[in-house]
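1. What follows is a protein structure lacking sequence information:
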Ligand code: ADP
Ligand code: MG
């Protein structure tokens, strides 16, 4: 277990507040792991720690057998990890294609040609079913389109591990189903390993292989989706009792 990622004792304190506490899990290549938990349970902080955006207070992160704990985000990205942000933040004055090509270019630290960046961008737009038309503007995108653009920007860096943060936020039911199918398709087509964060269980449970539930920064349940969904501790957290 854990050939793609091993997380051990991962802890993040902000002053006296512990946002992530002794989190540990393994991830195999090609898996889709659901990371769920109520708002404020430490999901995005966990992503920030894995992606290098925050240094952990304690713990280790091992990617494909190499210790990546404490590396800065660009280094983590070069090692094959990409993440999306819960709140999309595209360059609104640029076209969709330009946004994705920039992500490809800087994701590769400028080590690829511009032509290769465009090629990777077109491929990522294709995967996420966004218009490859070079004139299509970000302003024309709705909530679902912006979420796809986040995904395309991450995919353009050609990751082996994708961290998808709340890909369903602001989507209607049909769009949620499509987003779930898209993540599943990305894994099937490219063999990309995925950790998918949501605060609701919903359609995520249909697509993930395994699920981890966080509450107050700690793992309270882990296992197959149907096991986790019926775990009394999880039910309690989600019913707020
Ligand atoms: P989630 O993504 O599960 O909703 P977060 O990981 O964003 O939760 O946040 C977990 C907890 O850590 C929250 O209580 C949040 O307010 C706190 N937190 C997150 N980032 C910071 C920060 N940079 N400084 C202080 N507290 C933070
Ligand atoms: Mg979050």
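-> Perfect, thanks for sending it. It should be emphasised that the depicted structure is a prediction, and the values quoted were computed from it without experimental measurement. Ligands and ions are numbered 1, 2, ... in the order given.
2. In stretch 142-154, which residues are buried?
-> Buried residues in stretch 142-154, counted by 16 or more other Cβ atoms under 10 Å: 144-154. All C-beta atoms are positioned from the backbone trio N, CA, C, and that covers glycine.
3. So which of those are in helices?
-> Counting by DSSP state H, the part of the buried residues of stretch 142-154 found in helices is 144-154.
4. who touches the helix or strand hosting residue 44?
-> According to DSSP states H and E, residue 44 maps onto helix 43-51. Residues from elsewhere that reach helix 43-51, judged by Cβ atoms under 8 Å, 6 or more residues apart in numbering: 5, 7, 10, 12, 19-20, 23, 35-37, 53-56, 59, 61, 73, 76-77, 81, 83, 86, 163, 165, 195, 197, 199, 214, 217.
5. which among the residues you listed end up buried?
-> Using 16+ other Cβ under 10 Å, the buried ones in the contacts of helix 43-51 are 5, 7, 10, 12, 19-20, 23, 35-37, 54, 56, 59, 61, 76-77, 81, 83, 86, 163, 165, 195, 197, 199, 214, 217.
6. Would you mind listing what in the protein touches ligand 2?
-> Contact residues (Cβ under 5 Å from the ion) of the chain with ligand 2: 43-44, 86.
7. Could you count how many residues lie near the closest residue to ligand 2 within the chain?
-> Closest contact between the chain and ligand 2, by Cβ to the ion, is at residue 44 (3.2 Å). Around residue 44 there are 23 other residues, counting by other Cβ atoms under 10 Å.
8. This structure - how does it break down into domains?
-> 1-80+161-241, 90-158 (automatic domain parsing).
9. want to throw those into JSON lines with mean pLDDT?
-> As requested, those are exported to JSON lines (pLDDT from 0 to 100):
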{"stretch": "domain 1-80+161-241", "mean pLDDT": "95"}
{"stretch": "domain 90-158", "mean pLDDT": "92"}
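10. Could you export those domains to TSV, including columns for distance to ligand 1?
-> Converted to TSV, the domains of the chain look like this (distance: least, Cβ to the nearest ligand atom, whole Å):
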stretch	distance to ligand 1
domain 1-80+161-241	3
domain 90-158	15
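11. could you point out the longest helix in the chain?
-> helix 173-190.
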